[in-house]
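Colleague: Following is a predicted model, sequence given first.
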Amino acid sequence: MSKFNLSVLPKLSESSTASHLVFFADKQGNILGNAADALANTAHLERAQSLIKAANFKGDTNEVISDYALNSDNPAISVIGVGDTKNLVNNIKKLATTAYKTIKNSESAAIIWGDVICHKHFTWFSLALLNASYRFENHKSKKSDADTISTIAFINNKESENDYQDALTQVQATFVGQSLARDVANEAPNVLSPSALANEAQKLAQDYSDKVRVTVLGEEQMKELGMGCFLAVSQGSDEEGKLVVIEYFGKTAKSDSATLDNPIALVGKGITFDTGGISLKPAAGMEDMKYDMGGAAAMLGTTKAACEANLPLDMVTVLACAENMPSGHASRPGDIVTAMNGTTVEILNTDAEGRLVLCDALCYTQENYKPQVIIDSATLTGACVIALGSIRSAVYTNDEDTLFALESASDFTDDLVWQMPLDSAYDDQLKSTFADVQNIGGREAGSVTAACFLQRFIKDGQAWAHLDIAGTAWQSDIKGASGRPVPLLMQYLKAQSGK
């Protein structure tokens, strides 16, 4: 559950107990949001205006001035500069981070936007503000002092109060799921093994027992199912690979015998550490390969968020969890293995392992659930980072409706995607002399050929989208996992549920 008590109010009443009020002002020193109408006590506004004059406030983006009242009857007041108001939308998430840093050591706060920001931008701001509170300090002997803020009211009267409250409910659920995704991705790889990741999924069945069922398949079961591509990756490690299946009964009543009929399917790449296998990666930066389970982390986090939001839809989440290690048991370049659907694959590079675990996970998902749509998420290719950097995730899809739905969710959440091509001509790069297909297509269009490889395991008529999040799952500016694309997927699921 979220650690914050959040609310949206059209007006800050006289009886408000907020100990810290936050205003926003432009470069001319004008307080935004028609604040006089947002406050029952205009004395607070007068104090803010006096503070602006006394502090020689410039209104630059993220400039902060504060007045911490010594009289306990008066709240502390801070004014945050927004810079040029033409760039307000572009800076809204940065302003949220600044706002959190400003209020984090208060007991309670009221953030006064008044009639400035719309429903969509309020969503961006509130989620960014919550994410600014995220910490991962599991292994530090001396942890940071805990933030004291627990109650936050957003004063926003531009539209219906209910619209904003509904948005805040969605934001809180998204934050809980996104935090879980960041937690498991940030965890040390000697702690987060494939089995440990499976255990994190099983916690959902405990916490949401009325809606969630979790099944974990080990290597013996996968061998019986003919999942030779998956096993080719996991066989090099002493850690057993796991296929984790999370069933979410949001529409169908859960029971021991209940089955999901045409659910939405989420599939995630969960390589808990990627050395590259026999095709060993360079040492520099290899520590970041703990994030190679970012796709599974995002799908796990999205599932938790859906549970928190109680979304009225059926969903199955499949996590392909393995460790890619070099050993005497590891796959070699030149090995030929057989996927669950009978396709033979020549492994030319053992560092192209994500598509191998995913292709069997995709086959398993289609064979057992006949989903209405499959969305997979994976830190699949370095080529995607070169193409799109860390701003947008790549989206590949064979279904126009799914594309439009994901792009709409992308626009609403600012968790951005960009459509990439799936032209059949790229398939020529995957032709193998000795098997049905090879697992790499050469240097050109590496992200595209990886997606083309996955598409070969999608049945005719099956709606599918692939998200390559190699550039967005973790980022240097936040020093760790981002939890993307949980916001994108939660908005997509909300729209699909009709909620």
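Modeller: That came in fine, so what should we check first? Numbering: from 1, shown residues only.

Colleague: mind listing the strands for the stretch 201-350 of the chain?
Modeller: Ranges of strands within the stretch 201-350 of the chain are 212-217, 242-249, 264-274, 314-324, 336-338, 344-346, based on DSSP state E, counting those that start in this stretch.

Colleague: Adding mean neighbour count, write these out as a markdown table.
Modeller: For the C-beta atoms, the positions are set from N, CA and C on the backbone; glycine is no exception. Converted to a markdown table, the strands of the stretch 201-350 of the chain look like this (neighbours: other Cβ atoms under 10 Å):
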| stretch | mean neighbour count |
| --- | --- |
| strand 212-217 | 19 |
| strand 242-249 | 24 |
| strand 264-274 | 29 |
| strand 314-324 | 28 |
| strand 336-338 | 18 |
| strand 344-346 | 20 |
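
Colleague: what is the rounded mean pLDDT of stretch 422-429?
Modeller: For stretch 422-429, the mean pLDDT works out to 96.

Colleague: Same check on stretch 439-456?
Modeller: 97.

Colleague: cool, and stretch 136-145?
Modeller: For stretch 136-145, the mean pLDDT works out to 93.

Colleague: want to throw the strands of the stretch 201-350 of the chain into JSON lines with distance to residue 445?
Modeller: Shown next, in JSON lines, are the strands of the stretch 201-350 of the chain (distance: least, Cβ to Cβ, whole Å):
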{"stretch": "strand 212-217", "distance to residue 445": "33"}
{"stretch": "strand 242-249", "distance to residue 445": "29"}
{"stretch": "strand 264-274", "distance to residue 445": "20"}
{"stretch": "strand 314-324", "distance to residue 445": "23"}
{"stretch": "strand 336-338", "distance to residue 445": "24"}
{"stretch": "strand 344-346", "distance to residue 445": "19"}
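
Colleague: could I get those strands as CSV with distance to residue 293 and mean pLDDT?
Modeller: Shown next, in CSV, are those (distance: least, Cβ to Cβ, whole Å; pLDDT from 0 to 100):
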stretch, distance to residue 293, mean pLDDT
strand 212-217, 15, 98
strand 242-249, 11, 98
strand 264-274, 4, 98
strand 314-324, 7, 98
strand 336-338, 21, 98
strand 344-346, 22, 98
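
Colleague: closest to residue 473 out of the ones you listed?
Modeller: strand 264-274 (10.0 Å; Cβ to Cβ).

Colleague: Output the closest one as CSV, nothing but the C-alphas.
Modeller: C-alpha atoms of strand 264-274 as CSV (Å, rounded to 0.1, in the frame of the first residue of the first chain):
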residue,chain,number,x,y,z
ILE,A,264,-4.9,-9.8,-21.6
ALA,A,265,-1.4,-11.4,-21.4
LEU,A,266,1.8,-9.6,-20.2
VAL,A,267,5.1,-11.4,-20.7
GLY,A,268,8.4,-10.2,-19.3
LYS,A,269,12.0,-11.0,-19.8
GLY,A,270,13.5,-11.8,-16.4
ILE,A,271,17.3,-12.4,-16.9
THR,A,272,18.3,-11.7,-13.3
PHE,A,273,21.9,-11.4,-14.4
ASP,A,274,23.4,-11.4,-17.9
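
Colleague: That one packs against which elements?
Modeller: helix 194-207, helix 294-309, strand 314-324, helix 354-369, strand 373-378, helix 486-497 (3 or more Cβ pairs under 8 Å, 6 or more residues apart in numbering; DSSP states H and E).

Colleague: JSON lines for the ones you listed, including distance to residue 345?
Modeller: Shown next, in JSON lines, are the helices and strands packed on strand 264-274 (distance: least, Cβ to Cβ, whole Å):
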{"stretch": "helix 194-207", "distance to residue 345": "21"}
{"stretch": "helix 294-309", "distance to residue 345": "20"}
{"stretch": "strand 314-324", "distance to residue 345": "15"}
{"stretch": "helix 354-369", "distance to residue 345": "7"}
{"stretch": "strand 373-378", "distance to residue 345": "17"}
{"stretch": "helix 486-497", "distance to residue 345": "28"}
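
Colleague: so which of these comes closest to residue 397?
Modeller: strand 373-378 (8.7 Å).

Colleague: counting contacts, what elements does the closest one pack onto?
Modeller: Here strand 373-378 is seen to pack against strand 264-274, helix 294-309, helix 354-369, helix 400-413, strand 464-468, helix 486-497 when contacts are counted using 3+ Cβ pairs under 8 Å, 6+ apart.

Colleague: Tell me how many other residues surround residue 61.
Modeller: 17 (other Cβ atoms under 10 Å).

Colleague: what residues are up against the residue lying closest to residue 357 once chain neighbours are set aside?
Modeller: Nearest non-adjacent residue to residue 357, counting by Cβ to Cβ, 6 or more residues apart in numbering: residue 320, 3.9 Å away. Contact analysis of residue 320 by Cβ atoms under 8 Å, 6 or more residues apart in numbering lists 230, 243, 267, 268, 269, 270, 296, 357, 358, 360, 361.

Colleague: Check the offset of stretch 462-473 from the chain's centre.
Modeller: Distance of stretch 462-473 from its chain centroid, counting by Cα atoms, centre = their mean, to the nearest Å, is 12 Å.

Colleague: Equivalent analysis for stretch 479-497, please.
Modeller: 5 Å.

Colleague: what do you get for stretch 287-306?
Modeller: Centre-to-centre, stretch 287-306 and its host chain are 7 Å apart (Cα atoms, centre = their mean).

Colleague: With stretch 231-241 instead?
Modeller: 26 Å.

Colleague: Go through it and flag the buried ones.
Modeller: 231, 232, 233, 234, 235, 236, 237, 239, 240, 241 (16 or more other Cβ atoms under 10 Å).

Colleague: Likewise for stretch 491-499?
Modeller: 491, 492, 493, 494, 496, 497.

Colleague: outside of that stretch, which residues touch it?
Modeller: Residues contacting stretch 491-499 (Cβ under 8 Å, 6+ apart): 170, 250, 264, 302, 306, 309, 311-313, 315, 375, 405-406, 408-409, 412-413, 415.

Colleague: which of the helices and strands packed on strand 264-274 is buried the deepest?
Modeller: Mean neighbour count (mean count of other Cβ atoms under 10 Å) peaks for helix 294-309 among the helices and strands packed on strand 264-274, with a mean of 30.

Colleague: Kindly format the C-alpha coordinates of that helix as CSV.
Modeller: Extracted in CSV, the C-alpha atoms of helix 294-309 (Å, rounded to 0.1, in the frame of the first residue of the first chain):
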residue,chain,number,x,y,z
GLY,A,294,13.6,-5.0,-16.1
GLY,A,295,10.9,-6.4,-18.4
ALA,A,296,9.8,-9.0,-15.8
ALA,A,297,10.1,-6.3,-13.1
ALA,A,298,7.7,-4.0,-15.0
MET,A,299,5.2,-6.8,-15.6
LEU,A,300,5.3,-7.9,-12.0
GLY,A,301,4.9,-4.2,-10.9
THR,A,302,2.0,-3.7,-13.4
THR,A,303,0.2,-6.8,-12.0
LYS,A,304,0.6,-5.5,-8.4
ALA,A,305,-0.7,-2.1,-9.5
ALA,A,306,-3.7,-3.7,-11.2
CYS,A,307,-4.4,-5.5,-7.9
GLU,A,308,-4.2,-2.3,-6.0
ALA,A,309,-6.6,-0.5,-8.4
